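Asks: I need the structure of the sequence given here:
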Amino acid sequence: MSLALAQVIDETSLTDHVRAFVQANLPPIVDAIDTGALYPADFMRKIGALGAFGSHAEVKGVDLNPAIDAMSEVAEVCGSTGFMTWCQDALVWYVANTDNVALKDRFLARVASGAMLGGTGLSNPMKSFFGIEKLKLKGKRVEGGYEVSGALPWVSNLGPDHIFATIFETPDGGKVMFVADCADPAVELLPCDAFLAMDGTGTYGVQFRKAFIPDEMVLSHAAMPYVKKIRAGFVLLQSGMGLGIIRDCIELMQRTKTSLGHVNKYLTAQQPEDFASALGALEDEVQILASTPYETSDAYWRRVVEARLHIGDLAMAAAHAAMLHTGARGYMKSHRAQRRMREAYFVGIVTPATKQLRKMLAEMAT
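Replies: Numbers count the residues shown, from 1 in each chain. Predicted coordinates:
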């Protein structure tokens, strides 16, 4: 499907298309993704061709809800692939919002259609902006661009023919956001130690060794105003990961009613109906917020941060409850309840993590 066609698909049709494809094609490969035996590049390209990444490529009058809904359909089956969907969506969001016409012309159609895959290397920068870490990449101005060195510990949805966006600091304290090409010999992908989950997400450490970043690959020479412009979208797009996992955890709890309802009723505050009610309220809030991602008021930004925090908290609580409802069978490696629990914890620790979100809210109150 072309980018132009993807942009005119209404939200309901896009969600239906993605749901049908996901339900038919993702369940057979979930375990391989979860164990790290498979990075599902082919799946990602195919949902991109359906339009899963393209609905927010045109920023005029943009509404992030179609992308979030499509992502939640993926995450409802596989949290790892839902996370990779967010990585791709975030990359599209960055490229769509740049004023660098040459960069946009070169990459936007390809990343929005899934023809080119890539990630978002903003974990360290986002932490640095809130006083948690220092920027790990340093760059200096050279003719025609910048020379960048340093290392990022984790960047996801990567491969040798992928791209990703990140930020470096200049000697005078300036911040520059750019797109890195994994095919560049000066940009090395380094294997990571095994994770609790997410090993099939194309996650690597990335080493820059005097990599030349031409001006044509710069998203913004002044990253801070640019980040402020895209930050709500960056955070809101993550909603799809958590909402999908929560929905599946509720379904897991519902499934136990016939055989274990007589004893699960004693899990008084952890019934599926309680989680469904909380999920509905969060979905309503996200729908409102995602329809105006360029809103600049402090009150709006606070609502975005609060919604993201509540989604992570509810995902972890729902996964915990699903484990208790399924009991010993959910504790088996073959059961998806234990996988959903591991994936839900990732929603709580992926940047911005629970602790960072709480720090941000505390600082807003001072």
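Asks: Now do the same contact list for the most centrally placed residue in the chain.
Replies: For the chain, W86 is the residue whose C-alpha lies nearest the centre (Cα atoms, centre = their mean; 2.9 Å). The contact partners of W86, by Cβ atoms under 8 Å, 6 or more residues apart in numbering, come to M71, L237, Q238, G240, M241. C-beta coordinates here come from the backbone N, C-alpha and C atoms, glycine included.
Asks: Distance of the last one relative to S297?
Replies: Spelled out, it's M241. For M241, the distance to S297 equals 26 Å [Cβ to Cβ, to the nearest Å].
Asks: Which of these two has more residues huddled nearby?
Replies: For M241 and S297, the more surrounded residue by other Cβ atoms under 10 Å is M241, and the numbers stand at 30 against 9.
Asks: After the one helix or strand F43 maps to, which helix or strand is next?
Replies: In this structure, F43 sits in helix 41-50 according to DSSP states H and E. Counting by DSSP H and E, the next helix or strand C-terminal to helix 41-50 is helix 65-75.
Asks: what element comes up after that next one heading to the C-terminus?
Replies: Note on helix 65-75: by DSSP H and E, the next helix or strand toward the C-terminus is helix 79-97.
Asks: centre of the chain versus that following helix, how much separation?
Replies: Relative to the chain's own centre, helix 79-97 is displaced by 5 Å; criterion: Cα atoms, centre = their mean, to the nearest Å.
Asks: Check which helices and strands the following helix or strand past it is in contact with.
Replies: Next helix or strand after helix 79-97 toward the C-terminus (DSSP H and E): helix 101-113. Packed against helix 101-113 by the contact rule (3 or more Cβ pairs under 8 Å, 6 or more residues apart in numbering; DSSP states H and E) you find helix 3-8, helix 41-50, helix 79-97.
Asks: on that earlier part again, reformat the contacts of W86 as CSV; add distance to P225, pLDDT and secondary structure.
Replies: Listed next are the contacts of W86 as CSV, based on distance: Cβ to Cβ, whole Å; pLDDT from 0 to 100; DSSP: H, G, I helix; E, B strand; the rest coil:
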residue, distance to P225, pLDDT, secondary structure
M71, 27, 98, helix
L237, 20, 98, helix
Q238, 22, 98, coil
G240, 27, 98, helix
M241, 27, 98, helix
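Asks: Buried only: go through the residues you listed for me.
Replies: Buried members of the contacts of W86, scored by 16 or more other Cβ atoms under 10 Å, are M71, L237, Q238, G240, M241.
Asks: hang on, isn't the third one packed against A307?
Replies: No: the pair Q238 and A307 fails to qualify as a contact (Cβ atoms under 8 Å) at a distance of 10.0 Å.
Asks: for the residue located most distally from the centre of the chain, phi and psi?
Replies: Using Cα atoms, centre = their mean, the residue of the chain lying farthest from its centre is H262. It sits 38.2 Å away. Here is the backbone geometry of H262 (degrees, to the nearest 10): phi -70, psi -20.
Asks: circling back: where's the residue nearest to the centre of the chain relative to G242, distance?
Replies: Taken as Cβ to Cβ, the span from W86 to G242 is 10 Å.
Asks: follow-up on the earlier one: can you give me the buried ones in the helix holding F43?
Replies: A41, F43, M44, I47, G48, A49, L50.
Asks: How about stretch 300-307?
Replies: Per 16+ other Cβ under 10 Å, stretch 300-307 contains these buried residues: Y300, W301, R303, V304, V305, E306, A307.
Asks: if we can go back for a sec, can you list the helices and strands packed on helix 101-113 in CSV and add mean pLDDT and distance to L267?
Replies: Listed next are the helices and strands packed on helix 101-113 as CSV, based on pLDDT from 0 to 100; distance: least, Cβ to Cβ, whole Å:
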stretch, mean pLDDT, distance to L267
helix 3-8, 42, 43
helix 41-50, 97, 35
helix 79-97, 98, 23
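Asks: Format those helices as CSV; extra columns: distance to V22.
Replies: Shown next, in CSV, are the helices and strands packed on helix 101-113 (distance: least, Cβ to Cβ, whole Å):
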stretch, distance to V22
helix 3-8, 16
helix 41-50, 7
helix 79-97, 8
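Asks: circling back to that earlier point, residues in contact with the helix holding F43: which ones?
Replies: By Cβ under 8 Å, 6+ apart, the list of residues contacting helix 41-50 from outside reads 1, 6, 14, 17-18, 21-22, 25-26, 29, 53-54, 70, 74, 81, 84-85, 88, 112-115, 117, 157, 159, 202.
Asks: any idea whether L190 is helix, strand or coil?
Replies: Look at L190: counting by DSSP: H, G, I helix; E, B strand; the rest coil, its state is strand.
Asks: I'd guessed it sits against Y204; true?
Replies: Yes: between L190 and Y204 there is a contact under Cβ under 8 Å: 5.8 Å.
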